[in-house]
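Asker: Return a 3D structure for these sequence lines:
(chains A and B)
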There are 2 protein chains.
Amino acid sequence: MTAGVVSIKARVNRRLLLAARPEGLPRPEHWRLERAELEPLEDGRFRARTLCISLDPAMRGWMDDRPSYVRPVRIGEVMRANTLVEVVESRHPAYAEGELLAGAFGVQEQVVSAGARGIERVPAGPGDPRMALHLLGLSGLTAYFGVLEVVRPRSGETVLVSGAAGAVGSVAGQLARLHGCRVIGIAGGEAKARHAREELGFHAVIDHRAEDVPARLRELAPDGIDAYFDNVGGPLQETVLGQLATGGRIVICGAVASYNGEQPGAGLDSTWPLLVKRARIEGFLVTDFHERFGAARDALARWHAEGALKAPQTVIHGGLEDFPRALADVFTTDAVGKRLFVLDRAPGES
Amino acid sequence: MTAGVVSIKARVNRRLLLAARPEGLPRPEHWRLERAELEPLEDGRFRARTLCISLDPAMRGWMDDRPSYVRPVRIGEVMRANTLVEVVESRHPAYAEGELLAGAFGVQEQVVSAGARGIERVPAGPGDPRMALHLLGLSGLTAYFGVLEVVRPRSGETVLVSGAAGAVGSVAGQLARLHGCRVIGIAGGEAKARHAREELGFHAVIDHRAEDVPARLRELAPDGIDAYFDNVGGPLQETVLGQLATGGRIVICGAVASYNGEQPGAGLDSTWPLLVKRARIEGFLVTDFHERFGAARDALARWHAEGALKAPQTVIHGGLEDFPRALADVFTTDAVGKRLFVLDRAPGES
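Answerer: Residues are numbered from 1 along each chain as shown, chains lettered A, B, ... in the order given. Predicted coordinates:
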């Protein structure tokens, strides 16, 4: 199809709106699936079809109305999401039909955009374009800047990573290993623990569902933990604080353990160990490093091409009506690596 | 008196021993005053007379038997303290009679020592030798390294200092001001607040006994606090965490508010604001910087001589039997600047 000749079908967009704010896990009543007809494309805009939607634990936090690092998704607004889209019609000089783009286009089948900061062109090539939502997207970049710029691992250090089999943790652990660290992972369930150990090269992995984490940490890191890359939050943070080595640091990347609870993030009975250990707890946001995303992507892509960095993914297929379930599953089902939701084409769609 | 000719009187030492571990404020029953006869001086040792004892809130922590940055004072051991002493007899080639030394010689009238790391020679000169326990001792050095190396203030930042009229806080606030920051102090009582404002040049001081600290902080720092130099711990730490600017940091120097409680240091309901604010909480110990103490002393002495840095002190006079009261008073009475306990000479002592 060419610009100006658009079928009626292509004019219909389906979008997933936030209908109500959940307490705990999001359920069907928190969503509304809406059909809307797209207006004819104006000059300076393009229309794109959603191919793939990133499934991220952080999305749950965006649904809450409380102060955070981004504004909450509003009631009645299309759910925010990072997606991979294909330009299908363009009256924008910078975007051509057939181009693949990654950006925060939201949970909808189609998007009309005037282009904006934060839209990333996905180069055609032999690689998997979905990597733009994964190793070369915010997951990989979060691991990259969190490890290299905030943890700043030194060779020989013992680095602990929670959510070790997840999209960010799996990359963070591998990056620490590539920098000469001894890497201990924490994951939920034997399959994820084995994956992190055998596929990702973690030196040891604790299965927090089956093992006594504090006792295992003492065994595995008798001289203390030099750095903890924390993806989960919760009471584990204080446990690790008590087992930090002198000069240790806890880097808060996420708090998956509490995204569905009322209490955001971990609490501490006492920050005094920070003085005793000359240690620190620090949070970071990948978006603060956006000016250096290009160089980071180049490094990540090179390590991946060389086989030094693996980027497993779990792909869920479905229509937009299946998305709410897939998002809830992020918190209730096991998977390895990055979760991606691939939007099936509607029957008859070209 | 010269070496080799020592009066019987000089041979008698009185020392204050820790007799029991206090809960809460130390009381008389936690101490034992002991008389002991000093042995004749062996080669390679010197004998010194205590002139002045540093009174520090941290001393309370040393009396507790729990893991900390130094080992606890043992029951039956001389109470640890930093003191200023004068060498009165020497068979040590490096220390001459009449020299003034500062070091951790403990709460006793005399000390016999073989010399050790950490003993600091106090140069003769026009200055007050007690500064060796104060601006040029661990109090001043703690402020120096805490501000310059941990806070690392940038010109134009808003820096908050608790314990603003105390030995460390008063210097920390002045150093932040010298580095171009806007400095807000917190102190207990109108006299201390006025002192910090009028004598030390704090831009604003909140009297936490009379004012609503969170509300005043919002007024005084509407754009948030860039750095908090925390001498007191307690619930104020979480209050400040909630009012940090993006990129803010909390530097834990001490936790005076809880040295007499069962709960060491402040607790946090949630560390999540650290991520939202890209902030950090960090502890430090001045002793980690010991290799650079000389250069720091030079800088502090120069600023003091130039009048840029004031170093007020509160001097308490008494005999060793008055020391327990003076230490408890650190937590229960108001004073400005460094507290020093000057040991009166016994009647008839030369």
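Asker: which stretches of chain A have low pLDDT?
Answerer: Scanning chain A for pLDDT under 70 picks out A:1-9, A:262-265, A:346-350.
Asker: which bits of it sit near chain B?
Answerer: A:67-69, A:233, A:237, A:252-255, A:258, A:263-285, A:288 (CB under 8 Å from any CB of the partner chain). C-betas here are computed from N, CA, C, even on glycine.
Asker: quick one, strands of the stretch 251-350 of chain A?
Answerer: Secondary structure of the stretch 251-350 of chain A (DSSP state E, counting those that start in this stretch): strands at A:280-283, A:313-318, A:338-343.
Asker: just checking, what packs against the shortest one?
Answerer: Helices and strands in packing contact with strand A:280-283 are listed as strand A:244-252, helix B:272-276, strand B:280-283; criterion 3 or more CB pairs under 8 Å, 6 or more residues apart in numbering or on different chains; DSSP states H and E.
Asker: what sits up against the shortest one?
Answerer: When you say that, I think you mean strand B:280-283. A:271-283, B:150, B:237, B:241, B:249-252, B:271, B:274 (CB atoms under 8 Å, 6 or more residues apart in numbering or on different chains).
Asker: how far away is the closest residue to residue A:138 other than its chain neighbours from chain B?
Answerer: Of all residues not flanking residue A:138 in the chain, residue A:286 sits nearest, at 5.8 Å (CB to CB, 6 or more residues apart in numbering or on different chains). Separation of residue A:286 from chain B (CB to the nearest CB, to the nearest Å) stands at 10 Å.
Asker: ok, residue A:286 - contacts?
Answerer: Neighbours of residue A:286 in contact, by CB under 8 Å, 6+ apart: A:138, A:141-142, A:145-146.
Asker: Out of these, who's the most crowded?
Answerer: residue A:146 (28 neighbours; other CB atoms under 10 Å in any protein chain shown).
Asker: part of a strand, is that one?
Answerer: No. Counting by DSSP: H, G, I helix; E, B strand; the rest coil, residue A:146 is not found in a strand; it is helix.
Asker: Now do the contacts for it.
Answerer: So residue A:146 contacts A:168, A:172, A:229, A:251, A:253, A:284, A:286 (CB under 8 Å, 6+ apart).
Asker: Residue A:138 contacts residue A:83, correct?
Answerer: No. With contact defined as CB atoms under 8 Å, residue A:138 does not count as touching residue A:83 (11.9 Å).
Asker: which neighbours do these two share?
Answerer: Joint contacts of residue A:138 and residue A:83 (CB under 8 Å, 6+ apart) are residue A:54.
Asker: which residues does the residue nearest to residue A:39 when sequence neighbours are not counted form a beta bridge with?
Answerer: Distance criterion CB to CB, 6+ apart; nearest residue to residue A:39, sequence neighbours excluded, is residue A:112 at 7.6 Å. Counting by DSSP bridges, residue A:112 forms beta bridges with residue A:47.
Asker: Was I right to think residue A:112 contacts residue A:44?
Answerer: No. Contact between residue A:112 and residue A:44 fails when scored by CB under 8 Å: they sit 10.9 Å apart.
Asker: Tell me which of the two has more neighbours.
Answerer: Neighbour totals were compared for residue A:112 and residue A:44, and residue A:112 leads with 16 against 13 (other CB under 10 Å).
Asker: In contact with the more buried one, which residues?
Answerer: A:38-39, A:41, A:45-47.
Asker: and those, which two are the farthest apart?
Answerer: For the contacts of residue A:112, the maximum inter-member distance is 13.3 Å, found between A:39 and A:46 (CB to CB).
Asker: Tell me which of these two has more neighbours.
Answerer: residue A:46 (26 against 10).
Asker: so what's that one closest to, chain neighbours aside?
Answerer: residue A:90 (4.0 Å).
Asker: Counting neighbours, which of the residues of chain A next to chain B end up buried?
Answerer: Buried members of the residues of chain A next to chain B, counted by 16 or more other CB atoms under 10 Å in any protein chain shown: A:68-69, A:233, A:237, A:252-255, A:258, A:264-285.
Asker: Assign a three-state SS to residue A:161, would you?
Answerer: Once three-state DSSP is applied, residue A:161 turns out strand.
Asker: Quick check: beta-bridge partners of it?
Answerer: With DSSP bridges as the rule, residue A:161 is bridged to residue A:185, residue A:229.
Asker: I'd say it and residue A:184 touch.
Answerer: Yes. Using CB under 8 Å, residue A:161 is in contact with residue A:184, at 7.3 Å.
Asker: so who does the closest residue to residue A:257 other than its chain neighbours touch?
Answerer: Nearest residue to residue A:257 in three dimensions, chain neighbours excluded: residue A:234, at 3.5 Å (CB to CB, 6+ apart). By CB under 8 Å, 6+ apart, the contact set of residue A:234 is A:255, A:257-258, A:266.
Asker: now those residues as a markdown table including distance to residue B:11?
Answerer: Converted to a markdown table, these look like this (distance: CB to CB, whole Å):
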| residue | distance to residue B:11 |
| --- | --- |
| A:255 | 65 |
| A:257 | 65 |
| A:258 | 66 |
| A:266 | 59 |
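Asker: and the residue nearest to residue A:18 when sequence neighbours are not counted, how many neighbours?
Answerer: If the residues on either side of it in the chain are set aside, residue A:18 comes closest to residue A:73, at 5.0 Å by CB to CB, 6+ apart. Residues within reach of residue A:73, counting by other CB under 10 Å, total 22.
Asker: For residue A:73, identify the helix or strand it belongs to.
Answerer: Under the criterion DSSP states H and E, no helix or strand holds residue A:73.
Asker: That one against residue A:64, yeah?
Answerer: No. Here residue A:73 lies out of contact with residue A:64, judged by CB under 8 Å, at a distance of 9.1 Å.
Asker: thinking again about what came up before, neighbour-wise, which of residue A:161 and residue A:184 wins?
Answerer: The neighbour count for residue A:161 versus residue A:184, taken as other CB under 10 Å, is higher for residue A:161 (38 against 25).
Asker: show me the contacts for that one.
Answerer: With CB under 8 Å, 6+ apart, residue A:161 has these contacts: A:169, A:172-173, A:176, A:183-186, A:202, A:228-229, A:231.
Asker: could you check the distance from the residue nearest to residue A:257 over to residue A:161?
Answerer: 15 Å (CB to CB, to the nearest Å).
Asker: repeat for residue A:125
Answerer: 30 Å.
Asker: And residue A:33, by the same measure?
Answerer: Where residue A:161 is concerned, residue A:33 sits at a distance of 37 Å (CB to CB).
Asker: same deal with residue A:70?
Answerer: 24 Å.
Asker: and if you look at residue A:133?
Answerer: From residue A:133 over to residue A:161 (counting by CB to CB), the distance is 21 Å.
Asker: ok, now residue A:42?
Answerer: Residue A:42 is 47 Å from residue A:161, by CB to CB.
Asker: hang on, the earlier thing: any chance of CSV for the strands of the stretch 251-350 of chain A, columns distance to residue B:245?
Answerer: As requested, those are exported to CSV (distance: least, CB to CB, whole Å):
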stretch, distance to residue B:245
strand A:280-283, 13
strand A:313-318, 38
strand A:338-343, 33
